[in-house]
Structure formats: C-alpha cells, structure tokens
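**Q** After the sequence you'll find the predicted model.
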Amino acid sequence: MPVTAKKPTGKTPAKKSSAKVAAAKPENKLAKLGLHNDMDLALHLPLRYEDETTLMSIAEASLRGLQTVQVEGVVTTCDVQFRPRRQLVVTIGDDSGQLVMRFLNFYGSQTKQLAEGTRVRVRGELRHGFFGAEMVHPSYKVVNLDAPLPDVLTPVYPAGEGLSQAFLRRAIANALSRLDWSDTLPPSMRETLQLEPFEASVRLLHNPPPEVDEHALMERSHPAWVRMKFDELLAQQLSLKRAQAARRAKSARALPVTGHVTQALTAVLPFRLTGAQERVLDEIRADLRASFPMQRLLQGDVGSGKTVVAALAAAQAIDSGCQAVLMAPTEILAEQHFRKIAAWMEPLDIGVAWLSGSQKKKEKTEALQHIESGAARLVVGTHALIQDTVQFQNLGLVIVDEQHRFGVGQRLALRNKSIVPGAEADALVPHQLMMSATPIPRTLAMTYYADLEVSVIDELPPGRSPIVTRVIDQVRRDEVIERVHAAALEGKQIYWVCPLIEESEALQLQTATDTHATLSAALPGLTIGLVHGRMKPVEKQVVMEGFSRGAVHVLVATTVIEVGVDVPNASLMVIEHAERFGLSQLHQLRGRVGRGSAASVCLLLYQGPLGGTAKERLATMRETTDGFEIARRDLDIRGPGEFLGARQSGEAMLRFADLATDQWLVEKARDTAQALLNHAPDIVDRHLTRWLGGREDYLKV
C-alpha cells in the first residue's frame, strides 16, 4: 500500500509554557501556601501527628481492632487483581503472621517498588477482611533490616497540590537549621507572662517527643502552642497600634463648632436623646475637635437610634464649615436615611443631596453640581458616592452605615475624597464614623478593631415594646396565615419575609411572588404589598410609602427590608424558612417590628428536619433579643472569619489563636504590645518582621 506523506503543519512540537513550568517548581508551590522564607516555613506548624516511634508484630496488631498501628514485614506476593475492580494486592509477613495491603488506586511503578522480598514498614488502620488481617491504602516505606525507628512523632503539615509531606518535612528541617532563633521577648517578660522560649516551642511543635501530652498538643493547649498563639496575637496588636499611631500622625480639619445647625436640629427633633445617645455623641464630638482623623465605630442594636447621632455629628461638621457624607449599602436604607435627615435639615435651610445609581441623568448631574459647589452640605447615597465623578468642595466627615457590608476598598475610596481640591488624598483626611447594628463581641473588637475607637449605644429609646419570638414548623403555615388575618383586622401591620436562597436570585424572587399570590388569595379584603430586589426604585418606594401610611396591611418582602425600615405600626413579622438565615440577619429582620408601643411578635417558620447549627440559631432567637448576646453566640457558631465577612472585610484571620478559647491571651497581648511600643521599639520591629514578614496584613480600615 502506498504511503502518502503528511503535509507539514508549520507547527513545532508543543512545549510546556514557561508559566506552567514556573508554577510546577517546588518554591512556587511553597509560595502559594504563603511560605516565602525560612521563618515562614518554621511557622508552618503541623495539623496533626503520626506516631511512628513503635512497632508491633502482625499478630499483636491483629488483636488491637480498628486502631492505627505500625508493622514491618517482607513482601511475599504482589499482584494486580481485576475483581471486583482493578486493585493492587500486596501480602507481607513476619514471624507472627501475614497482612494484606490493598490499594484501589495505584501507580504501575508500585508493583516494582513492592516486589517480592522487599522489606516494608506499614502504618494504617488494621481490619479483618475475607482473607484475614488487611489495611486499605496504608502509608508505607521501603526499609532495610534493623532500620532505626524515629524518636519523635511525625508531623503532618497543611499542604498544597503537588507538595508531598516528605518534601515539606525536608524544607522545614532545612529552614530550622538556618534560622536566627533569638527570642523577641526578654527573659523577664517571658517569666512574668509564664511563656516558654520561642525556639524550644517551635522545635517541640515540629518534632514532639513520644512522651509529650498528645491531647494537649492536638487541643493546642500545650505551653508550646500557647507561646505561638501569644506571639501571633502580639504581632497583630502591635501592627494595629502602629496603624493607629500612623493615623494620628495624619492631618484632618478640626471640626470644633457646635453652633446654629446643631442647636436648631436638636430643637426640632420630636424626641429627647437617651442617656446612651448623649454619651456616644460626646465621644464623637471630642474626636471631631481633634486635628487628626477620627476613626470611630458606632455600635447599637436595631432601633437604638444611631441615625440621629449620625445626623448630629454631621451637624457639627456643617457648623464647622465642612461637608458631611453618609453612605448606606442598599437604596432602600439610603433613601430612608435621606428622607428622615432631609426632613430634619431642610427646614434649617441646610442643603441635603441624594445620590444613587438608579437616578436619572439630569437628577444625578444636578446632585453632582450641588456637591462640588458646596451647596449640598450633607450628601446621602449608596455606592454611587465613590464614583470618580463625585467631587466634594470641602469634605470633613464620612459616615458609613452597616460598614461590614462594604469592602475595604470601597470605604477607602470614600474616605479619600479630597477635602481640598487638587490636594493629595492623604494631605487632609476626613474624619470617619462607621456604624453597625451587628454588635461586635468585646474580644473580637479588641482583636480586629484595635485601630478603632468603639462607642456603644446600649439603651433603647423609651416606649419600645419587647418582641416575643416563636419557632413554628412549616406544617402549621395555615395557622400562621389565620393569625396574620386576625392581626390585620385589629389594625396591625405585618411583614412576611421570604427565604434567602443564595444559589438562585430568580428562585428567591419566585418564592416572593408565589407567597404574595398565596396570601392575596387567602386574605381577601386585605391589601398585600410586594417588595423585592429586582423592582425599580420608584416601584419599591410606592409600596414602602403605602406600608408606612397604613394603606398596605401585609408586606411580602425579600431581605431588602433587612435594615433601616422603620414602620412603628408593624408589630408582627413572619420569617419563612428561618433555618436558611444567619443569626445576625434574623436579628436584623426581627428589629423591623417592636418599634412602636404595641406588643410585637416574630414567628420563625422552619422546614424540618433541622441540622445542629440551625437548631442553635433558632434557639438563640427564641431565648434572647439582646444583640450583644446574639453576636457572642454567632461568633461561637461561625468563628471570627465568617462573622466579620472576611472576604469583604479584608481582615487577616488568625492562624493559631482561637477567640472562643484564648480571650485571656488577647488581653495579655494587648497590654504587652503597648509596653513594647513605649519602651522597646527595636523588639517591635523584630517581632513584626518575624510574624508578618514586613507585610502588615492586619492593617485594614
């Protein structure tokens, strides 16, 4: 048969791209784990340990039941079998008996490595199968006769793709041999704090002796672990306190005047401030008088009156000749702030501008002109405020509501709006007030917000009714609808919140529209409103205004009403599929009722069966309405990373310390950090270099 020559394709044989080759290098794989130098490797501590310090005979191991054991023997058979599936079956033996090693996934080279006559040391969970004692996928290594056993526990490290434990152990051992082990804590300070030396602690954690308290090691309560956790917390506290000092070195325009606007606003308020509001307002006013930028977190439970405190802080900025801006995460909340504050300010002849992404071009252009000219003394809006087109004439105060919902970059972008046209962003930094209705537990605030002063409104305005919370199975839904009907006939208003379904916004919307249709059919004669995220702002506003003036009896809503909505006549809330919501969100939603004098009820409908976490959350909601207690339990359930929203907050999470169990160490680290900053700046530099490698990842705003 003739052979036809193939036409040349003009292509050269495929080569691995340089990027792929670089990524495959061990040092690049280490870098992916954040391991860039010897100290990084030394502080890459084990997840757990394996005890390879003892051997037992196969017969003795067979009597131990389902335990992890280590035996040694010589390979007697090594076969690839195909029934019931392809697998490698290796038999080893010693003087006392035989053991089968079974590998369901294996490499062809293993048949040569485990050839007959090879001596192997095997570690795994021994069980009894059809053919006697066996281990499935044990760890093993080829050894010589009388090969010595390790005299320390074998560490198992966190590893990335393509990094073997053997490679990591070698890399870490090499790093430990090259390190500068000088302790960053003087002996007298270590003695006072009752801490172990740094070198001894690190070496023990990488190579613990067999007699070590293994429980203390795994629970991270061993003195060596305590030293690591303390050093980590100390580095964090040092970096945050240095950030605070750096902020105080920056300049801000002092806002000392509480004049006509402040006095007139106080006079037109339809209520008196609570003692807690007066206290936090004094703290904020003192900060605003300083010539370095305020960075204060205002915490207050739902309904505690943070908005009026923010308005009075803005009044001080306006009295002092500057502009103030208030940014909120949702258009509903931002618009509610605007309407409420504008109603207070405009009778005082104070220009208040509104800016949002949904505004028409003409409205937006007009608002931008008022902001840039200074005609707008107070600006309220959403993320639209951080756009490049927004320029202030003389911005003096930035207020961010529900600050945890904004990323670090977004908060920085607003703060860096120039106070003087053409000036550098950090020449004059505006004062910043951040507000949150999600209380931060004290330990978390000390750990992650050490750069912030924290004010707490811990008192609700008088006349607020307590909220009774009940947890009800979804099968009793008809009873709940009857209760809603009875409440509406008594003149009360009701929220019906539909479930949060993160996987599908469309499905969430369908749930809301279906519920609206169901309730409309079940409750003839009542007006049922519907609000969801895909409605146009004008449509949402029409429904919300109808609900506010009592024309809408029942408001079916998705979580767009989670924060800020204030309708005092609403005294019953139904949250459907409450098991799908987090504690903080349930608490925020519940806070929409109980804002008037009528007794209020929140019904949490759930779909069984419930998991353990969902049970904990619902039990917490039933047992307490205290936002700080709820936040504490939320921290216990979720941990600090998820509680803070690490993805958005930019906060670096702790690797070793656990805020649930190590609160006592946080206070020690905080006090030690201040002492070192005052008296030993050289130690501060060395400690931060050791733990953060010059990358002060904790310094966020």
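**A** Alright, I've got the coordinates. Source: prediction; values computed, not measured.

**Q** now the stretch 351-500 of the chain, which segments are flagged as low pLDDT?
**A** Within the stretch 351-500 of the chain, the stretches with pLDDT under 70 are 403-427, 441-451, 500.

**Q** in it, which spans are helices?
**A** Using DSSP state H, counting those that start in this stretch, the helices of the stretch 351-500 of the chain run over 361-373, 408-415, 442-448, 477-489.

**Q** Walking through the stretch 151-300 of the chain, point out its strands one by one.
**A** 154-156, 295-300 (DSSP state E, counting those that start in this stretch).

**Q** how about stretch 187-204 as CSV, C-alpha atoms only?
**A** Written as CSV, here are the backbone C-alpha positions of stretch 187-204 (Å, rounded to 0.1, in the frame of the first residue of the first chain):
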residue,chain,number,x,y,z
PRO,A,187,13.6,36.7,79.7
SER,A,188,12.0,38.8,82.4
MET,A,189,8.9,39.5,80.3
ARG,A,190,8.6,35.8,79.4
GLU,A,191,8.8,34.9,83.1
THR,A,192,6.1,37.4,84.0
LEU,A,193,3.9,36.1,81.2
GLN,A,194,4.8,32.5,82.0
LEU,A,195,5.7,31.7,78.4
GLU,A,196,8.1,29.1,77.0
PRO,A,197,11.1,30.2,74.9
PHE,A,198,10.4,30.7,71.2
GLU,A,199,13.0,28.2,69.9
ALA,A,200,12.1,25.4,72.3
SER,A,201,8.4,25.9,71.4
VAL,A,202,8.8,25.8,67.6
ARG,A,203,11.2,22.8,67.7
LEU,A,204,8.8,20.9,70.0
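
**Q** Could you give the separation of it from the chain centroid?
**A** 31 Å (CA atoms, centre = their mean, to the nearest Å).

**Q** buried ones in it?
**A** For stretch 187-204, a neighbour-count test (16 or more other CB atoms under 10 Å) marks M189, R190, L193, L195, E196, F198, S201, V202, R203, L204 as buried. (Glycine included, C-beta is placed from N, CA and C.)

**Q** so how far is A216 from the residue nearest to the last one when sequence neighbours are not counted?
**A** So the one you mean is L204. The shortest distance from L204 to any non-neighbouring residue, by CB to CB, 6 or more residues apart in numbering, is to A224 (4.6 Å). Noted for A224: a distance of 9 Å to A216, by CB to CB, to the nearest Å.

**Q** between the two, which one's more packed in?
**A** A224 (24 against 14; other CB atoms under 10 Å).

**Q** surely that one meets S201?
**A** Yes - applying CB atoms under 8 Å as the test, A224 and S201 come out as touching, 3.9 Å apart.

**Q** rewinding a little: most packed of the strands of the stretch 151-300 of the chain?
**A** strand 295-300 (a mean of 22; mean count of other CB atoms under 10 Å).

**Q** what residues does that strand touch?
**A** For strand 295-300, contacts defined as CB atoms under 8 Å, 6 or more residues apart in numbering pick out 244, 247, 276, 280, 283-284, 287, 306, 309-310, 403, 432-437, 439-440, 445, 449, 451-458, 701.

**Q** quick one: average pLDDT of stretch 323-334?
**A** Stretch 323-334 carries an average pLDDT of 86.

**Q** Tell me where the stretch 601-701 of the chain has helices.
**A** All helices of the stretch 601-701 of the chain, identified by DSSP H, counting those that start in this stretch, fall at 612-623, 627-638, 640-644, 646-649, 663-679, 681-692.

**Q** got the buried residues for the helix or strand containing A133?
**A** Assigned by DSSP states H and E, A133 falls within strand 132-136. Judged by neighbour count using 16+ other CB under 10 Å, the buried positions of strand 132-136 are A133, E134, M135.

**Q** Is it possible to get those out as JSON lines so that each row also shows pLDDT and distance to A328?
**A** Formatted as JSON lines, those follow (pLDDT from 0 to 100; distance: CB to CB, whole Å):
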{"residue": "A133", "pLDDT": "89", "distance to A328": "67"}
{"residue": "E134", "pLDDT": "91", "distance to A328": "63"}
{"residue": "M135", "pLDDT": "92", "distance to A328": "60"}
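
**Q** And M544, how far from G529?
**A** To G529, M544 is 8 Å away according to CB to CB.

**Q** Now do the same contact list for A551.
**A** Counting by CB under 8 Å, 6+ apart, A551 has contacts T527.

**Q** Tell me the confidence at it?
**A** Model confidence at A551, given as pLDDT, is 93.

**Q** So what's the residue count around K141?
**A** Using other CB under 10 Å, K141 has 12 neighbouring residues.

**Q** Bridged to the spatially closest residue to it that is not a sequence neighbour, which residues?
**A** Closest residue to K141 apart from its sequence neighbours, by CB to CB, 6+ apart: R121 at 5.6 Å. Beta-bridge pairing for R121 (DSSP bridges): E72, K141.

**Q** Also the one 4 residues further on?
**A** In this structure, E125 bridges to T68 when assessed by DSSP bridges.

**Q** Touching, it and T68? I think so.
**A** Yes - with contacts counted by CB under 8 Å, E125 reaches T68, the gap being 5.3 Å.

**Q** For G160, give me phi and psi.
**A** Phi and psi for G160, reported as degrees, to the nearest 10, are phi -100, psi 180.

**Q** can the strands of the stretch 151-300 of the chain go into JSON lines with extra columns for distance to V143 and mean pLDDT?
**A** What follows is these, written out as JSON lines (distance: least, CB to CB, whole Å; pLDDT from 0 to 100):
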{"stretch": "strand 154-156", "distance to V143": "14", "mean pLDDT": "89"}
{"stretch": "strand 295-300", "distance to V143": "60", "mean pLDDT": "88"}
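
**Q** Same list (these) but as JSON lines, adding distance to E667.
**A** JSON lines is the format used below for these (distance: least, CB to CB, whole Å):
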{"stretch": "strand 154-156", "distance to E667": "31"}
{"stretch": "strand 295-300", "distance to E667": "19"}
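
**Q** hey, where'd the helices end up in the stretch 201-350 of the chain?
**A** Under DSSP H, counting those that start in this stretch, the stretch 201-350 of the chain gives helices at 214-219, 223-249, 260-268, 275-288, 306-319, 331-345.
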